[in-house]
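A.B. asks: Dropping a prediction and its sequence here:
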Amino acid sequence: MKPDDFEYLARLLRRRSGIVLGQPRPAHIENRLAPVMRRFGFKDVGALVAELRHGRDALARAATEALTTNESSFFRDRAAFDLFRDRVLPAIVERRAGTKRLRLWCAACAAGQEAYSIAMMLDDLKLPQKGWSVDLIATDINSEMIARAEQGLYSHFEVQRGLPIRRLVDHFLQEGQNWRISEPLRRMVTFRPFNLLDSFGWLDDLDVVFCRNVLMYLDPKAKAGVLDKIAEVLVPDGYLLLGPVETPTGLSAAFAAVAGAPGLYSPRVDEGPALARVARR
Ligand SMILES: C[S@@+](CC[C@H](N)C(=O)[O-])C[C@H]1O[C@@H](n2cnc3c(N)ncnc32)[C@H](O)[C@@H]1O
């Protein structure tokens, strides 16, 4: 791949998703773009980039999506899910006992493993049976990942990574070599494609936001923008969960770390967005 073409792809990806491509790894990039080249009929990356330079939006979107890293697994970073079960859920369920309404967002859900892990933990509480309304929204920039998540079909390898056998038995049905998420769990999650660089105007009053293992790929300006927008859609006593190598420190003053809970943050109520939301309530 010509250095010029690499530079062009890196700029495109950064502009459209905030993702920093890092070190040029031509074989890796060509591999990722191979399905796009096949779909749009290009013989190599050079031909694809030449067409991108003409500004074809569908092609630019497909190339951007293909260059995302969609690595995920059920109950990834187990400690985060233990925190969610033991700290976040009890606190938020107690605080919402009056309204019996919970809203959660999984902000970069890849093929759905994280969203279904959250759904399994919510299902343990049987809230709808107790008259609660629970919204679990899951989004990702990659529309192919969202289609996969909606299908809820996982390989044997995927369910073996992190999913306790009890949960496999309770929430999946075997289909040949694969496992399909059960219909009740599937119905708990609303999936839709969404770019974190876009306006969060359609989201509000969220009690818990999972934004894990995505900020680590973004440039500092994009990270800061995403964090500030999350602060605007999170309720003042809500929670944000980030991945183990992610932190708002130095990027956004809108969040404070929850003591003794790595990766867990709450809005700073003396800061702009949360303060404005308290005033509106
Ligand atoms: C490594 S996966 C993490 C998945 C899951 N959150 C986890 O922790 O296992 C990162 C996901 O972020 C998505 N992503 C990257 N940039 C994004 C953006 N600008 N908007 C929305 N999703 C994005 C990718 O498509 C990918 O599926």
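C.D. replies: Thanks, I have the structure now.
A.B. asks: Near the ligand, which residues of this protein are found?
C.D. replies: 17-19, 68-72, 76, 108, 110, 114, 140-142, 145, 195-197, 212-214, 217, 243 (Cβ under 6 Å from any ligand atom). To be clear about C-beta, it is placed using only N, CA and C from the backbone, and glycine gets the same treatment.
A.B. asks: List buried residues within those.
C.D. replies: Buried subset of these (neighbour count, 16 or more other Cβ atoms under 10 Å): 17-19, 68, 72, 76, 108, 110, 114, 140-142, 145, 195-197, 212-214, 217, 243.
A.B. asks: Would you map out the domains in this structure?
C.D. replies: 3-66, 78-280 (automatic domain parsing).
A.B. asks: Save those domains as a markdown table, and put in mean pLDDT too.
C.D. replies: As requested, those are exported to a markdown table (pLDDT from 0 to 100):
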| stretch | mean pLDDT |
| --- | --- |
| domain 3-66 | 94 |
| domain 78-280 | 95 |
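A.B. asks: Tell me which stretches of the stretch 101-250 of the chain form helices.
C.D. replies: Along the stretch 101-250 of the chain, counting by DSSP state H, counting those that start in this stretch, helices occupy 113-125, 143-151, 156-160, 165-171, 183-188, 220-233.
A.B. asks: most tightly surrounded among those helices?
C.D. replies: helix 113-125 (a mean of 23; mean count of other Cβ atoms under 10 Å).
A.B. asks: Tell me how far residue 56 lies from the ligand.
C.D. replies: 20 Å (Cβ to the nearest ligand atom, to the nearest Å).
A.B. asks: neighbours of that residue, just the number please.
C.D. replies: For residue 56, the count of nearby residues is 13 (other Cβ atoms under 10 Å).
A.B. asks: how close does it get to residue 62?
C.D. replies: The spacing between residue 56 and residue 62, counted by Cβ to Cβ, to the nearest Å, is 9 Å.
A.B. asks: With residue 2 instead?
C.D. replies: Relative to residue 62, and taking Cβ to Cβ, residue 2 is found at 21 Å.
A.B. asks: And residue 93, by the same measure?
C.D. replies: 41 Å.
A.B. asks: More neighbours: those two, which one.
C.D. replies: Neighbours were counted for residue 93 and for residue 62 using other Cβ under 10 Å; residue 62 has more, 20 against 17.
A.B. asks: who are the neighbours in contact with the more buried one?
C.D. replies: 36, 39-40 (Cβ atoms under 8 Å, 6 or more residues apart in numbering).
A.B. asks: which of those residues tops the neighbour count?
C.D. replies: Using other Cβ under 10 Å as the neighbour criterion, residue 36 leads the contacts of residue 62 with 19 neighbours.
A.B. asks: Do I have it right that that residue meets residue 66?
C.D. replies: Yes. Applying Cβ atoms under 8 Å, one finds residue 36 in contact with residue 66, separated by 4.9 Å.
A.B. asks: burial of residue 192, as a residue count?
C.D. replies: Neighbourhood size, residue 192 [other Cβ under 10 Å]: 14.
A.B. asks: er, residue 104 I mean
C.D. replies: Here the number of neighbours of residue 104 (other Cβ under 10 Å) works out to 25.
A.B. asks: so what's it up against?
C.D. replies: Neighbouring residues of residue 104 by Cβ under 8 Å, 6+ apart: 118, 122, 134-137, 206-210.
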